[in-house]
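Enquirer: have a look at this prediction, sequence included:
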Amino acid sequence: MAWYDEAVFYHIYPLGLTGAPKQNDYGEPVHRLNTLVPWIDHMKKIGVNALYIGPLFESVGHGYETTDYKKLDSRLGTNEDLTDFVKKCHDAGIRVILDGVFNHTGRDFFAFKDIKEKREKSAYRDWYCNVNFYGNNEYNDGFSYENWGGYNLLVKLNQRNPAVKDYICDVIRFWVKEFDIDGLRLDAADVLDFEFMKDLRRTADSVKPDFWLMGEVIHGDYSRWANANTLHSVTNYTLHKGLFSGMNDHNFFEIAHTIRYTNGMISKAIRLYNFVDNHDVERIITKLNNKAHFTPVHIMLFTLPGIPSIYYGSEFGIEGRKERFSDDSLRPYIDLKEHAKDYENNPCTKLITALGKIHKEYLQDLTGEDYRELCLTNRQFAYGRGKLVVALNNDDNAAEINVPAADGEYIGLLYGEKLTAAGGRLQIRLLPNNGEIYAPAEGGKTKSSKLKVTEAKTQEQKPSEKTKVKGKAAKETKKETAEKESVLIPDIPYEEMTVEQLQAVILAKMAKNGPVTDQMRKDVEENIWHNSLVNWANSFR
């Protein structure tokens, strides 16, 4: 199995994350890339083993108007900085792929500047598509040319020109030799020439074992791009849309249909690049009508067929809304030090960390070809991956489903609940707007028993761990719990209550129905989504 088949990706837009200026003055290098070194340890903590970072090379503004393919953007530092950064990633067991922006260049690229200077006499006049010396443009060049996306800032390369092919293939060889990268994400792959992509694939196969080519494809038949002759994988925008749309509409049928559609589109040997947000689309937590759906969406991201990817910052649950004339809010600067406590206190971070560990522990199940629908309604969905059973609920109320499963004991990998399948069926109770991954117990313990209840739940809920809490720590834990349960509940509508008041309401209602276990209390405490808590409080009779 190639490294990318086992990958969990982290996606960084470096100009944004480092807080680089929006425009490049081509001045002295500023070593901002070095500020990303602490993020390597962060990636390890949340279970990531591959990094997609880009764009990185000298450009005018946002990075996709390349002016020099062989020089790190001076706003980020020097080539030596990039070489050192990739080495540090490799030392940590993290593979690295870069953005390959080969469909177009910026206007400051040497070949285009030569055309501007020498016009018809330029040796590079055929490096670009449809250069017309009888035309003009808004820059008053005295000629026109084909661009990408309607932006003359992005000049479309003539990928059928042998000189262009040779140059780009040489760039790839240079990147491997200079930086030791492990693959490329090809920008705008859905408009690249197919013969050009075949040349890129031949180069990729020659430069390094398992060198990976993944292409940005927005829509279409993925098998046209992802196959034995062109690319290894493409971005799964179809699933991206299906996940947030299906959750917002309480429609698991849409999600299940999308999975069947994309699975049927490609060879079983190919794994698509799955994501719920990236540098071009709004953050998933912004797109979700019910923020509590962050949990089931990410359970699907990590357990459905494909290669999961987390966009930097989304593991902290940050918002990001697309603006009409700017993507800046999607590509923010983040100070990692401000999130030092998120590993213990942020439910989004804890969930992603837990899922990363589960993906590693159950790699054979989650990277295999097996995918089976087990239960499907508008609001509940379950499927099998190898020996795992994944169950999801997008309803504001708890739900029960009954699914086919091999007889025996199962344990929830996120929350630790033990269930027993009998007669080939498994009865599952699902929390509101939540989900679980069940694995067969082996000798009373699962293969991932070392994960305990994982970090999606605190260790306080396990009696064996609670006995280890001594002295002051034990007193503080009891004090915190008592404070939560003694919150004054005002006589106002649930919609007007705070999160803490709603949690107190739910705990009080639970107490009327019977003993409140540590598990039940933690379920309430971990739910910080106001709308979800309102619906949960209303669900009691």
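Expert: Sure, I can see it.

Enquirer: quick one: contacts for the residue nearest to P38 when sequence neighbours are not counted?
Expert: Excluding its sequence neighbours, the residue lying closest to P38 (Cβ to Cβ, 6 or more residues apart in numbering) is L336, at 5.6 Å. Yep, even glycine has a C-beta here, placed from its N, CA and C like the rest. Going by Cβ atoms under 8 Å, 6 or more residues apart in numbering, L336 touches P38, W39, H42.

Enquirer: cool, R185 as well?
Expert: R185 sits in contact with Y52, G54, I97, L98, D99, G100, M214, G215, E216, where contact means Cβ under 8 Å, 6+ apart.

Enquirer: just those residues now: which is nearest H232?
Expert: Closest approach between those and H232, by Cβ to Cβ: M214, at 6.3 Å.

Enquirer: look at the closest one and give its secondary structure.
Expert: strand (DSSP: H, G, I helix; E, B strand; the rest coil).

Enquirer: that one: how many residues sit nearby?
Expert: Other residues lying near M214 total 26 when counted by other Cβ atoms under 10 Å.

Enquirer: Y261 is in contact with N236, isn't it?
Expert: No: the pair Y261 / N236 is not scored as a contact, 10.8 Å apart, by Cβ atoms under 8 Å.

Enquirer: out of those two, which sits in the more crowded spot?
Expert: Ranked by neighbour count (other Cβ under 10 Å), Y261 and N236 place N236 first, with 27 against 12.

Enquirer: mind checking how far that one is from N103?
Expert: 20 Å (Cβ to Cβ, to the nearest Å).

Enquirer: check T67 too.
Expert: Distance from T67 to N103, by Cβ to Cβ: 15 Å.

Enquirer: so which of these two has more stuff around it?
Expert: Each of T67 and N103 has its neighbours counted (other Cβ under 10 Å); N103 has more, 23 against 20.

Enquirer: touching, the more buried one and N147? I think so.
Expert: No: contact criterion Cβ under 8 Å: N103 and N147 do not qualify, at 10.3 Å.

Enquirer: so who does the residue lying closest to D199 once chain neighbours are set aside touch?
Expert: Spatial nearest neighbour of D199, excluding adjacent residues (Cβ to Cβ, 6+ apart): K165 at 5.1 Å. By Cβ under 8 Å, 6+ apart, the contact list for K165 reads Q159, F196, D199.

Enquirer: nearest residue to K70 in space, please, no chain neighbours.
Expert: Nearest one to K70, counting by Cβ to Cβ, 6+ apart, is F174 at 5.8 Å.

Enquirer: how about N263?
Expert: P305 (6.1 Å).

Enquirer: give me every residue that touches A188.
Expert: Per Cβ under 8 Å, 6+ apart, neighbours of A188: V101, N103, H104, W148, E216.

Enquirer: so where's the chain uncertain?
Expert: Applying pLDDT under 70 to the chain flags the ranges 443-486, 519, 529, 531, 535, 539-541.

Enquirer: just want the most central residue of it.
Expert: I310 (2.2 Å; Cα atoms, centre = their mean).

Enquirer: bridge partners for the nearest residue to that residue once chain neighbours are set aside, pull those for me.
Expert: The spatial neighbour of I310 that comes closest, neighbours along the chain excluded (Cβ to Cβ, 6+ apart), is Y10 at 5.5 Å. Taking DSSP bridges as the rule, Y10 bridges to L51, I310.

Enquirer: just checking, Y10 touches P308?
Expert: No: between Y10 and P308 there is no contact under Cβ under 8 Å: 10.1 Å.

Enquirer: so who does the closest residue in space to L213 that isn't next to it in sequence touch?
Expert: Distance criterion Cβ to Cβ, 6+ apart; nearest residue to L213, sequence neighbours excluded, is L231 at 4.6 Å. Contacts for L231 were tallied using Cβ under 8 Å, 6+ apart; they are L186, A189, M197, R201, L213, M214, G215, W225.

Enquirer: please enumerate the helices of the stretch 1-150 of the chain.
Expert: With DSSP state H, counting those that start in this stretch as the criterion, the stretch 1-150 of the chain has helices at 14-17, 37-45, 79-91, 110-118.
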